[in-house]
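Sequence and predicted structure below; questions after.
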Amino acid sequence: MKINFLIVLASFFIFNYSNAQGCSDAGICSIGGAFHENDDKKNNHIEFGTVLGKGDVDVKYLSGYIGYTRSFNEQWSGNVKVTSQYANGSFGGRGSVGDAFLTANYTPVTTNLYKWSFTSGIKVPFNQSNLKINDHPLPMDYQSSLGTFDFLGSVNLNYKNWDFNSAIQLPVFNINKNSYFSEYSGTDDFVTTNLFERKPDVLLRGTYTINTANRKFSFKPNLLLIYHLGEDTYEDIYGQRQTIKGSDGLTINGNLIAGYHFSSGSSIEASVATPFVVRDVRPDGLTRAWTAGVSYKVRF
């Protein structure tokens with residue numbers, strides 16, 4: 001019964017290719033779920049991942065990341081992750097390194113069924129979100145970073161097979177130098193994002209884990225609610241800051257992760273995701289109709 005349910009759920013995610021927004025590439029989606037199994041006492045984890053995605057209009061994405069996690073003891077761990085992205089569409093193709101994420105996680109030792117953990121960290125951009133092709137400005141949809149230094153924090157709860165996460169991503173320092181003007185681009189597919197400034201995000205997520213009897217395979221359907229706390233802004237040709245109407249509001253994403261766990265402690269995971277509810281306008285370039293990814297984690 002569980003397997004049939006997962007097959008139906010996966011099929012729905014794969015074929016529901018609505019023109020909408022997937023998970024927030026700003027990074028808030030990846031900082032929750034900070035409960036690490038460490039029964040084999042392997043304190044070091046290296047993870048490689050790649051993600052394919054379909055964005056707004058005709059933009060397609062190939063994203064990658066590498067991350068390293070160090071467990072210092074039962075309570076404390078730290079993580080560093082570096083991202084990159086290649087975007088291709090009617091403007092051409094452009095790729096670059098994106099951001100670095102530095103986070104720390106604290107898990108209180110407890111014998112209760114309810115387990116808590118707390119994560120905080122920062123996002124550091126590698127560029128000012130003004131990548132160009134042949135010296136022509138590109139909209140945010142082609143940028144590999146939002147060009148902001150962000151604070152990230154989450155509170156995570158585990159109960160039996162359930163994981164719940166609440167998180168916030170707060171832009172603290174903006175170095176965004178995007179110079180895209182829709183009116184001079186020859187298309188109205190993307191809104192103006194000159195000197196773009198983005199508002200914070202908050203997230204709620206619920207995940208249910210299903211393991212096979214030998215615990216080799218795992219399936220994790222999860223639902224994410226991301227609320228954008230305010231309307232983003234840009235600077236017009238007169239130097240006046242303008243609000244982008246409809247850029248605030250709720251996004252709801254569905255995601256399914258399937259994993260295989262090797263005897264060595266390493267694991268491989270595949271995921272598919274698609275949105276059910278989206279904001280009216282997504283000027284930040286995080287629009288995804290669907291994503292499909294694979295990652296490999298080595299523990300030593």
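The structure has been received and is ready for your questions.

Please, where are all the helices along the chain?
Secondary structure of the chain (DSSP state H): helices at 2-15.

you'd agree residue 71 is up against residue 43?
Yes: using Cβ atoms under 8 Å, residue 71 is in contact with residue 43, at 4.3 Å. Where C-beta positions appear, they are placed from N, C-alpha and C, glycine not excepted.

To what extent is residue 264 buried, counted in neighbours?
By other Cβ atoms under 10 Å, 11 other residues sit near residue 264.

What of residue 48?
Neighbours of residue 48 (other Cβ under 10 Å): 13.

How much space separates it from residue 294?
9 Å (Cβ to Cβ, to the nearest Å).

Likewise for residue 80?
Residue 80 sits 21 Å away from residue 294, taking Cβ to Cβ as the criterion.

Please put the alpha-carbon coordinates of stretch 230-238 into PDB.
C-alpha atoms of stretch 230-238 as PDB (Å, rounded to 0.1, in the frame of the first residue of the first chain):
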ATOM      1  CA  GLY A 230       7.000  41.600   1.300                       C
ATOM      2  CA  GLU A 231       7.200  42.900  -2.200                       C
ATOM      3  CA  ASP A 232      10.700  43.200  -3.800                       C
ATOM      4  CA  THR A 233      11.900  46.400  -5.300                       C
ATOM      5  CA  TYR A 234      14.200  47.800  -8.100                       C
ATOM      6  CA  GLU A 235      15.600  51.100  -9.200                       C
ATOM      7  CA  ASP A 236      14.100  52.700 -12.300                       C
ATOM      8  CA  ILE A 237      15.900  54.900 -14.900                       C
ATOM      9  CA  TYR A 238      15.300  58.000 -12.800                       C
END
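
Just the residues contacting it, thanks.
Around stretch 230-238, the neighbours that count as contacts under Cβ atoms under 8 Å, 6 or more residues apart in numbering are 181, 191-200, 241-248, 283-284.

ok, 6 Å please
192-199, 241-244, 247-248, 283 (Cβ atoms under 6 Å, 6 or more residues apart in numbering).

Selecting buried members of those in ChimeraX, what would you type?
The ChimeraX selection below is limited to those of the contacts of stretch 230-238 classed as buried (16 or more other Cβ atoms under 10 Å):
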select :192,193,194,195,196,197,198,244,247,248,283
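
Neighbours of residue 122, how many?
16.

tell me the pLDDT at it?
pLDDT, residue 122: 96.

Dig out what it forms beta bridges with.
residue 102, residue 151 (DSSP bridges).

Now do it against residue 101, distance only.
Shown here: residue 122 relative to residue 101, a distance of 8 Å by Cβ to Cβ.

now the strands: where do they sit in the stretch 1-150 of the chain?
Secondary structure of the stretch 1-150 of the chain (DSSP state E, counting those that start in this stretch): strands at 44-54, 60-71, 76-89, 92-106, 114-125, 132-133, 136-137, 148-159.

Sounds good, over and out.
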